[in-house]
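1. below is the sequence, then the predicted model.
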Amino acid sequence: MTVSAAAAPSGLQIHPMDQFKISPLFGNGDVTWWTPTNATLWMVLAVVCVVVMMVMGTSRRAIVPNRSQSIAEMAYGFVYKMVEDVAGKDAVGFFPYIMTLFMFIVFSNFLGLIPMSFTTTSHIAVTAVLAMLVFLTVTIVGFVKNGTAFLGLFWVSSAPLALRPVLALIEVISYFVRPLSHSIRLAGNVMAGHAVIKVFAGFAGVMGIGAILPISAIVAVYALEVLVAFIQAYVFTILTCVYLKDALHPSH
């Protein structure tokens with residue numbers, strides 16, 4: 001047996017994580033912070049899609065809306081009601097920011113479902129930035145609106161006095177863990193679904209007539225991913241509203 005034959009890979013080769021690799025758009029050099037990458041391209045496309053739907057789609061507003069205007073108005077009303085119901089009427093001033101978050105995540109998730117595309121929200125680097133922006137915004141708003149009274153968020157006055165310091169420590173830890181859980185929830189759910197689809201696709205490519213089973217599984221998981229794409233954007237947005245409510249009304 002030759003060395004090359006011994007070193008050759010054998011068996012089923014599936015690399016589900018290859019689809020998440022960051023690569024430069026031009027050339028094959030190292031990726032630095034200023035390098036345009038596949039992630040950059042698909043984030044820009046997500047922004048373009050948001051602009052097309054929300055700006056260009058509503059540029060010819062009419063009493064009887066067309067299809068694009070109807071979708072834009074439904075999205076607007078959905079997020080506005082979410083902000084008002086969860087965070088209160090005094091949080092409506094933050095609606096443009098929350099609407100932008102929701103629309104960017106929705107389009108990033110759905111663009112990632114296109115074959116041969118790149119899912120930007122599967123990367124913790126992207127979702128962590130979104131989560132940190134929410135965390136910093138909420139914290140700054142909390143102190144600006146309430147001053148030191150914002151610290152009342154960590155003091156459970158309804159609990160027995162002896163337990164309050166312990167609960168305060170728990171509240172502080174849970175508060176600073178928010179960006180981590182906020183970002184991992186989105187990236188983890190999106191990444192997991194895409195990885196499962198890639199695994200089933202690998203089996204479908206080598207099973208011949210038996211490929212009907214993994215193909216059926218791909219269709220089922222893909223349908224679930226369509227649902228997850230919207231649900232995860234909704235979860236990220238509604239948690240943002242919950243955190244904003246804590247900043248505006250910090251007392252327990």
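-> Received it, and whenever you're ready, just let me know what you need. Numbering: from 1, shown residues only.
2. among the helices and strands of the chain, which one scores worst on average pLDDT?
-> Using mean pLDDT, DSSP states H and E, helix 3-7 stands out as the lowest-scoring helix or strand of the chain, at a mean of 45.
3. other residues contacting the next helix or strand after that one?
-> Next helix or strand after helix 3-7 toward the C-terminus (DSSP states H and E): helix 38-51. Contact partners of helix 38-51, identified using C-beta atoms under 8 Å, 6 or more residues apart in numbering, comprise 22-23, 25, 100, 103-104, 107-108, 111-112, 117-120, 123, 126. Every residue, glycine included, has its C-beta placed from N, CA and C.
4. of the residues you listed, just the buried ones, PyMOL syntax please.
-> In PyMOL, this line selects whichever of those come out buried by 16 or more other C-beta atoms under 10 Å:
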select buried, resi 103+104+107+108+111+112+118+119+120+123+126
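5. of the contacts of helix 38-51, which pair is most distant in space?
-> Largest separation among those by C-beta to C-beta: 23 and 100, giving 27.4 Å.
6. who touches the residue nearest to residue 168 when sequence neighbours are not counted in this structure?
-> Distances taken as C-beta to C-beta, 6 or more residues apart in numbering put residue 154 closest to residue 168, at 4.9 Å, once the chain neighbours are dropped. Residues counted as contacts of residue 154 (C-beta under 8 Å, 6+ apart) are 168, 171, 172, 175.
7. torsion angles phi and psi at residue 154?
-> Per-residue torsions, residue 154: phi -100, psi -10 (degrees, to the nearest 10).
8. follow-up on the earlier one: so which of the contacts of helix 38-51 is the closest to residue 37?
-> The shortest approach to residue 37 among these belongs to residue 22, at 5.2 Å (C-beta to C-beta).
9. now for the helix or strand harbouring residue 68, which elements pack on it?
-> Residue 68 belongs to helix 67-87 when elements are defined using DSSP H and E. The contact analysis (3 or more C-beta pairs under 8 Å, 6 or more residues apart in numbering; DSSP states H and E) places helix 67-87 against helix 95-111, helix 212-248.
10. could you give me the buried positions within it?
-> So for helix 67-87, counting by 16+ other C-beta under 10 Å, buried means 68, 69, 72, 75, 79, 82, 83, 86, 87.
11. and for stretch 185-201?
-> When burial is assessed from 16+ other C-beta under 10 Å, stretch 185-201 yields the following buried residues: 185-187, 189-191, 193-201.
12. show me how far it is from its chain's centre.
-> Relative to the centre of its chain, stretch 185-201 is centred 13 Å away, using C-alpha atoms, centre = their mean, to the nearest Å.
13. list of residues touching that stretch?
-> With C-beta under 8 Å, 6+ apart as the test, stretch 185-201 has contacts from 14-20, 105, 109, 112, 119, 121-124, 126-127, 130, 214-215, 217-218, 221-222, 224-225, 228-229, 232, 235-236.
14. among these, which ones are buried?
-> For the contacts of stretch 185-201, a neighbour count by 16+ other C-beta under 10 Å gives the buried set as 14, 16, 19-20, 105, 109, 112, 119, 121-124, 126-127, 130, 214, 217-218, 221, 225, 228-229, 232, 235-236.
15. ok, now which ones touch residue 120?
-> 39, 42, 43, 46, 108, 112, 126.
16. can you list the residues that contact the strand or helix carrying the last one?
-> So the one you mean is residue 126. Assigned by DSSP H and E, residue 126 belongs to helix 124-146. For helix 124-146, contacts defined as C-beta under 8 Å, 6+ apart pick out 39, 43, 94, 97, 101, 104-105, 108, 120-121, 150, 152-153, 178-180, 182-184, 186-187, 236, 240, 243-244, 246-248, 250.
17. picking that back up, any chance of CSV for the contacts of residue 154, columns pLDDT, secondary structure and neighbour count?
-> CSV is the format used below for the contacts of residue 154 (pLDDT from 0 to 100; DSSP: H, G, I helix; E, B strand; the rest coil; neighbours: other C-beta atoms under 10 Å):
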residue, pLDDT, secondary structure, neighbour count
168, 90, helix, 16
171, 91, helix, 16
172, 93, helix, 13
175, 94, helix, 16
